[in-house]
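*Asks:* okay, here's the prediction I keep looking at, along with the sequence it came from:
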Amino acid sequence: MPMIIGEIRRFLRDTNSLRITRSMRDTAYKALVAKEKLMQNTDREPTIDEIAKEIGATYKAVYFALTATSNTISLDEPIGDEGKEMTMMDRTSFSVAPDNDAWMENLMLRRAIDDLNAREKEILVMRYFHGKTQTEVSDEIGISQAQVSRLEKNALADLRKLKIEG
């Protein structure tokens, strides 16, 4: 019986579309357990940084472990509503060149920005993706320019910290 169970597990493990190391699977398992625990304690989705601190791992290790163990889909797979289908490749705003790692940095940056609180995320998007000044941002969201400056500075510091830790 144990030999049959072992063979079934090996088959399921080895027939996956991606080969994921045992240590990465272990990290992903610990991260998922920690995520559930943190969600019960805080009643919200924990950030990758919080999960990493909980299990004593780096941001990058947790990010890659969770990403590697998530379901993969083809870039050519249709997504969207019937009649308005597009592929995942259509949704990507960057080109993937074999010798260019910029696309990975773009993904990491997007993920890191998603981990910021809503106000900081809104400010960074308006400032760096829409090209607005701090004064324009302050007028639009109804806070002072000094507050926009402080929140932007803190958000950028958080992003730099994630890059150093990761």
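*Replies:* Looks like it came in fine.

*Asks:* where do the helices sit along the protein?
*Replies:* For the chain, the helices defined by DSSP state H cover 2-14, 22-42, 48-55, 59-69, 88-91, 102-114, 118-124, 134-141, 145-165.

*Asks:* how many other residues sit next to Ser23?
*Replies:* Ser23 is flanked by 10 other residues according to other C-beta atoms under 10 Å. All C-beta spots, glycine's among them, are computed from the backbone N, C-alpha and C.

*Asks:* burial count for the closest residue to Glu136 other than its chain neighbours?
*Replies:* Nearest residue to Glu136, sequence neighbours excluded (C-beta to C-beta, 6 or more residues apart in numbering): Met126, at 7.6 Å. The number of residues packed near Met126 is 19, by other C-beta under 10 Å.

*Asks:* pLDDT score for Met126?
*Replies:* Per-residue pLDDT puts Met126 at 88.

*Asks:* quick one: it and Leu162, what's the gap?
*Replies:* Per C-beta to C-beta, to the nearest Å, Met126 is found 21 Å from Leu162.

*Asks:* check Tyr128 too.
*Replies:* Applying C-beta to C-beta, the value for Tyr128 to Leu162 is 16 Å.

*Asks:* about what we covered before: so which of the helices of the chain is nearest Pro78?
*Replies:* helix 88-91 (8.8 Å; C-beta to C-beta).
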